[in-house]
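In: whatever this is, show me its structure:
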Amino acid sequence: MRFSIFLRVFAVILFSATLSTDAAVGDKVYVANYDSGSVSVIDIVTNTATLIEDNIGIQPQAFAINAEGTKVYVANSGSDSVSVINTATNTVTLIKDNIGGQPIALAINSDGTRVYVANNDSASVSVIDTVTNTATLIEDNIGIQPQALAINSDGTRVYVANLEEGLQPGSVSVIDTATNTAIKITNGIGLGPVDLVINADGTRVYVSNASPFANDSVSVIDTATNTATQITNDNFNLPYALAINADGTRVYVANNNVGNSGSVSVIDTATNTVTQITNNIGDEPVDIVINASGTRVYVANSGSGNVSVIDTATNTATLIEDNIGTRPLALAINAGGTHVYVANSGSNNVSVIDTDTNTATLIENNIGDGPIALAIFTFGPVTRVINNLFRYSPLQIQRGILFRSN
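Out: Numbering: from 1, shown residues only. Here you go, the predicted structure:
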């Protein structure tokens, strides 16, 4: 019997060429429509969408975009494949060989030559050569039910959160990308690791451990020694999605607290102490993003159908409710921080929040059924900014299923 606390199903990716607050012509948001097996492409300037359906597999649920914005990779969990979208033409090729069972998370290195795929049902990671669109499998020392991926800034290490089996503690695999060999970290990893983030200098990896069967915690991995310690706190309640600010001084933790009001924990990374935000955090928060300047944190509350906005200077929150659809499950923020995009899986639309006014509008035409993942790209020649490169949320929550056994 194997249990998956939460099947990881979202990726939120932000790539930007400038920090301009104005959208450039050609800026796009990609939306994975899980139920209809399609990808919507939103023109940020006009807020109009087109649909891509050919060669998009069953149950698309995660994205990766190369730095130039020429290719978008889509993990299709229901058909064990990865789609590759040519962003100039919206034509798609499909990769199936050596993609394992139920691919649910993606990571791409900085030069765009390799894409890493977490295969939840086959305890493996696929490595795609983006020049040839061929894949190889890494299986040794990849744990059972890999859930989430993160890659360090120089592309030398990929970190994989593995749920493992039954009620045993989870693990984190560390892949050496030069050799495609992995080691596994088990000590200091809690039960149910479901998300991870890396600080900018690559010295620390933070892992959220969410399980109703154990004390919830966040693990901190020292990447120099591959040793982990756990931060435990009574305020953690199914700690799920993570976000880290640019200077690495704060980690924000969305506590899902299934069926009840959620909360956000704030970890001071210098001391590993935790403070708690509860007021104006909605029910069942599942995704969290932070703007580039670190002044605002946005939280998607799937149970109450709203978005919380946290002022990081005061740790106070306000709620946005108008024009937020049913079951908001994924967030993406543009580089300038002027707009936040919200995938509303229950109402099949996307909300666009103006961050100056905290007001939202809806995009409904050509959004497919069950939008659950977002990726945003701003074209330009120089600077790339990544925000919450791999962001996932629990599909079981919106389906009303907390555990899967097989």
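In: what helices and strands are in contact with the strand or helix carrying I221?
Out: Assigned by DSSP states H and E, I221 falls within strand 217-222. For strand 217-222, the elements it packs on are strand 204-209, strand 227-232, strand 239-244, judged by 3 or more Cβ pairs under 8 Å, 6 or more residues apart in numbering; DSSP states H and E. The way it works is simple: take the backbone N, C-alpha and C, and place the C-beta from them, glycine included.
In: out of the ones you listed, which is the most enclosed?
Out: strand 239-244 (a mean of 28; mean count of other Cβ atoms under 10 Å).
In: who are the packing partners of that strand?
Out: Judged by 3+ Cβ pairs under 8 Å, 6+ apart, the packing partners of strand 239-244 are strand 193-198, strand 204-209, strand 217-222, strand 250-255, strand 285-290.
In: how about residues contacting that strand?
Out: Residues outside strand 239-244 that contact it (Cβ atoms under 8 Å, 6 or more residues apart in numbering): 6, 194-199, 206, 208-210, 216-218, 250-256, 265, 285-290, 297, 388, 391-394.
In: one step back: what strands line up against the strand holding I221, and which way round?
Out: When pairing is defined by DSSP bridges, strand 217-222 lines up against strand 204-209 (antiparallel), strand 227-232 (antiparallel).
In: redo those as a markdown table? Include mean pLDDT and distance to Y30.
Out: Formatted as a markdown table, the strands paired with strand 217-222 follow (pLDDT from 0 to 100; distance: least, Cβ to Cβ, whole Å):
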| stretch | mean pLDDT | distance to Y30 |
| --- | --- | --- |
| strand 204-209 | 96 | 25 |
| strand 227-232 | 96 | 33 |
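In: right, so of these, which gets closest to S347?
Out: Closest of the strands paired with strand 217-222 to S347 is strand 204-209, at 27.3 Å (criterion: Cβ to Cβ).
In: how far does the closest one sit from its chain's centre?
Out: Using Cα atoms, centre = their mean, to the nearest Å, the mean C-alpha position of strand 204-209 is found 14 Å from that of the whole chain.
In: got the angle between that strand and strand 193-198?
Out: Strand 204-209 runs at 160 degrees relative to strand 193-198, counting by axes from the mean of the first three to the mean of the last three Cα atoms, to 10 degrees.
In: distance check, the residue nearest to L94 when sequence neighbours are not counted against R296.
Out: Leaving aside its sequence neighbours, L94 sits nearest to N55 (Cβ to Cβ, 6 or more residues apart in numbering; 4.7 Å). According to Cβ to Cβ, to the nearest Å, N55 and R296 sit 37 Å apart.
In: list the residues that contact the residue nearest to L94.
Out: Counting by Cβ under 8 Å, 6+ apart, N55 touches 83, 92-94.
In: which of those residues tops the neighbour count?
Out: The most crowded member of those is S83, carrying 23 neighbours; neighbours defined as other Cβ atoms under 10 Å.
In: and the helix or strand where it lies, what does it pack onto?
Out: Using DSSP H and E, S83 sits within strand 81-86. The contact analysis (3+ Cβ pairs under 8 Å, 6+ apart) places strand 81-86 against strand 71-76, strand 91-95, strand 103-108.
In: how does it look with 7 Å?
Out: Contact here means 3 or more Cβ pairs under 7 Å, 6 or more residues apart in numbering; DSSP states H and E; on that basis strand 81-86 packs against strand 71-76, strand 91-95.
In: what lies in contact with the last one?
Out: Right, strand 91-95. With contacts defined as Cβ atoms under 7 Å, 6 or more residues apart in numbering, strand 91-95 is touched by 52, 54-57, 81-85, 128, 133, 135.
In: who's in contact with the closest residue to Q59 other than its chain neighbours?
Out: Spatially, and ignoring its direct neighbours in sequence, Q59 is nearest to G78 (3.3 Å; Cβ to Cβ, 6+ apart). By Cβ under 7 Å, 6+ apart, the contact set of G78 is 57-59.
In: okay if I get the residues you listed as CSV plus pLDDT?
Out: Converted to CSV, these look like this (pLDDT from 0 to 100):
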residue, pLDDT
G57, 96
I58, 97
Q59, 97
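In: one step back: can you redo the helices and strands packed on strand 217-222 as JSON lines with distance to A343?
Out: As requested, those are exported to JSON lines (distance: least, Cβ to Cβ, whole Å):
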{"stretch": "strand 204-209", "distance to A343": "20"}
{"stretch": "strand 227-232", "distance to A343": "30"}
{"stretch": "strand 239-244", "distance to A343": "14"}
